[in-house]
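Colleague: After the sequence you'll find the predicted model.
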Amino acid sequence: MNAVPEIAADLEIIAKVSADVGEGPIWDDKTETMIFVDSTAGLIYRISHATGELTSMGLGQMVGAAIPRKCGGLVACASDGLLSVEDNGSVALLVPIEKDLNHRMNDAKCDSRGRLWSGTFSLTFEKGAGALYRIDPDLAITKAFGDVTISNGLGWSPDEKTFYYVDTGKRGIDAFDYDIETGVASNRRRFIDIERSAGLPDGIAVDSEGCLWVALYYGGTVRRYSATGKCIGKITLPVARVTSCNFGGPDLDLLYITTANHLIEDDGKPHESYAGATFRCRPGVTGLTSHRFAG
């Protein structure tokens, strides 16, 4: 493809945590903190916008994302399924999902009605072994589809009429028609193909202009695509394993970017000084609200 223009974004490190696999940044507007996880280490982090204070708690199992809950606390997408995580640190299984398989839940997001979407993958990376699920506020589970290799980024267009989804194993991003009244995603089609040389598509975010941002694992960048699928910019990071991104800050004008160090389960690739850190920048556009789980 043609050269992708660089976005001047004043990149900074805000969490020098050397996460094995940093993932799932979610903005909590009530506490004005950015929540993210270290997937393989089973840790949930919060970083305060006002003070920069970083706190963490361990789940005792691998985790793909942690999302604020309308009734308080968090829910975590983990190895056993969907967990409740109370403010006092107590953890309980809410919904078992593929618990008896050698799988785990990964990235997750909620729509504006508080439905949670999250997928699974095999810990041996068996092709097509995972699935994408919707968990409704009454904790009913709907399997949207299977044949998922590595479930990753999810997001909606500003009007929530389009749902975006990443199966990293399929090297691209798919789009669906989305019915916000029923929570049904239909008419699946390929939105973006990611060339192998650019890295592997991982976490995504959608901005207020309807453009899609995708973290490219082993690619060292976050790319911005227009609503028509044209690559219109990129942010280059000083590390190769870029895992996810999401907008935060009181004005949703900050882009938080997680990365991986991959030392616990070494992937055989070179390691960089800032691998596993969480970065932040101002990309010149605002993002969309991170919704809470209504269950």
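Modeller: Structure's in. What do you need? Being a predicted model, the structure only gives us computed values, none of them experimental.

Colleague: Where is the longest strand in the protein?
Modeller: strand 184-193 (DSSP state E).

Colleague: Can you pull the poorly scored residue ranges out of the stretch 101-250 of the chain?
Modeller: Across the stretch 101-250 of the chain, nothing is flagged by pLDDT under 70.

Colleague: Strands along that one, start to end?
Modeller: Taking DSSP state E, counting those that start in this stretch as the test, the strands found in the stretch 101-250 of the chain are 103-110, 116-122, 130-135, 141-148, 151-156, 162-167, 172-179, 184-193, 200-206, 212-217, 221-225, 231-236, 242-248.

Colleague: After the last one, which helix or strand is next?
Modeller: Toward the C-terminus, strand 242-248 is succeeded by strand 254-259 as the next helix or strand (DSSP states H and E).

Colleague: which other helices and strands contact that following strand?
Modeller: strand 22-28, strand 33-38, strand 212-217, strand 242-248, strand 278-281 (3 or more CB pairs under 8 Å, 6 or more residues apart in numbering; DSSP states H and E). From N, CA and C alone the C-beta is placed, and that goes for glycine too.

Colleague: Tell me which strands it pairs with, and in which orientation.
Modeller: Using DSSP bridges, the strands paired with strand 254-259 are strand 242-248 (antiparallel), strand 278-281 (antiparallel).

Colleague: Let's see the distance spanning stretch 168-188 from one end to the other.
Modeller: 16 Å (CA to CA, to the nearest Å).

Colleague: Need the winner for burial among the strands paired with strand 254-259.
Modeller: strand 242-248 (a mean of 28; mean count of other CB atoms under 10 Å).

Colleague: contacting residues around that strand?
Modeller: Applying CB atoms under 8 Å, 6 or more residues apart in numbering, the contact partners of strand 242-248 are 21-27, 34, 36, 49, 107, 153, 199, 202-205, 207, 213-217, 219-222, 253-260, 286-288, 290.
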